[in-house]
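Engineer: fold the following.
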Amino acid sequence: MGLGTTILGLVIIFVFQLLISEYFVRRLDIKRTKIGVFSKGRKKGFIAVEIILMVLFIISLYALFDYFLYSVSLSMTMYFTLTYLFRGIEEWVYKKENKDYFHEWLASITSLIMFLFFIGDMTLN
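Structural biologist: Next comes the predicted model:
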């Protein structure tokens, strides 16, 4: 498959994710709230986990850059997948009534699917 097919596949996955997210907002009335590393009201344990993930991401970029062709995409995907997964767990544990964790877990699953699609497409060439 060519680069155009890969990009088209990734766009289709991304559009599918946006449609599911819009379904969460409109039909299930689950509002999306933005949270960052140092957002107000976050638990210190989850902030520490996110900082550790960020440090591991930066270390993995430097350590694997020369040895593995897909290290940048692998590191970024694992960073985003785990970050959104842990944010979803935090929302599920502490703010279960808001149901924001659905958006976080959807983002985690989408980034993992996009990575698997990309790697699968690259191995076919």
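
Engineer: and Leu18, what element?
Structural biologist: Using DSSP states H and E, Leu18 maps to helix 3-26.

Engineer: return the distance of that helix from the chain's centre.
Structural biologist: Relative to its parent chain, helix 3-26 has a centroid offset of 14 Å by Cα atoms, centre = their mean, to the nearest Å.

Engineer: what's the spacing between the residue lying closest to Val72 once chain neighbours are set aside and Val55?
Structural biologist: Ranked by Cβ to Cβ, 6 or more residues apart in numbering and with sequence neighbours excluded, the top spatial neighbour of Val72 is Leu61, at 6.6 Å. In this view, the C-beta of every residue, glycine as well, is placed from N, C-alpha and C. According to Cβ to Cβ, to the nearest Å, Leu61 stands 11 Å off from Val55.

Engineer: which of these two has more residues huddled nearby?
Structural biologist: Leu61 (15 against 10; other Cβ atoms under 10 Å).

Engineer: check the gap between that one and Met76 for me.
Structural biologist: 9 Å.

Engineer: again with Leu116
Structural biologist: Counting by Cβ to Cβ, the gap from Leu116 to Met76 is 14 Å.

Engineer: so which strand or helix has the residue nearest to Val72?
Structural biologist: Using DSSP H and E, Leu61 falls in helix 44-64.

Engineer: for the helix or strand following that helix, the distance to its chain's centre please.
Structural biologist: Using DSSP H and E, the helix or strand that follows helix 44-64 towards the C-terminus is helix 71-94. Helix 71-94 has its C-alpha centroid displaced from the chain centroid by 5 Å (Cα atoms, centre = their mean).

Engineer: only the C-alpha atoms, please, for helix 71-94, written as CSV.
Structural biologist: Extracted in CSV, the C-alpha atoms of helix 71-94 (Å, rounded to 0.1, in the frame of the first residue of the first chain):
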residue,chain,number,x,y,z
SER,A,71,10.8,4.5,17.7
VAL,A,72,9.3,8.0,17.4
SER,A,73,5.9,6.7,16.5
LEU,A,74,6.1,3.9,19.0
SER,A,75,7.2,6.2,21.8
MET,A,76,4.5,8.8,21.0
THR,A,77,1.8,6.3,20.6
MET,A,78,2.6,4.5,23.9
TYR,A,79,2.9,7.9,25.6
PHE,A,80,-0.5,9.1,24.4
THR,A,81,-2.2,5.7,24.9
LEU,A,82,-1.0,5.4,28.5
THR,A,83,-1.6,9.0,29.3
TYR,A,84,-5.3,8.9,28.2
LEU,A,85,-5.7,5.5,29.8
PHE,A,86,-4.5,6.8,33.2
ARG,A,87,-6.6,10.0,32.8
GLY,A,88,-9.6,7.8,32.1
ILE,A,89,-8.9,5.7,35.2
GLU,A,90,-8.6,8.8,37.3
GLU,A,91,-11.9,10.1,36.0
TRP,A,92,-13.6,6.8,36.5
VAL,A,93,-12.3,6.4,40.1
TYR,A,94,-12.9,10.0,41.3
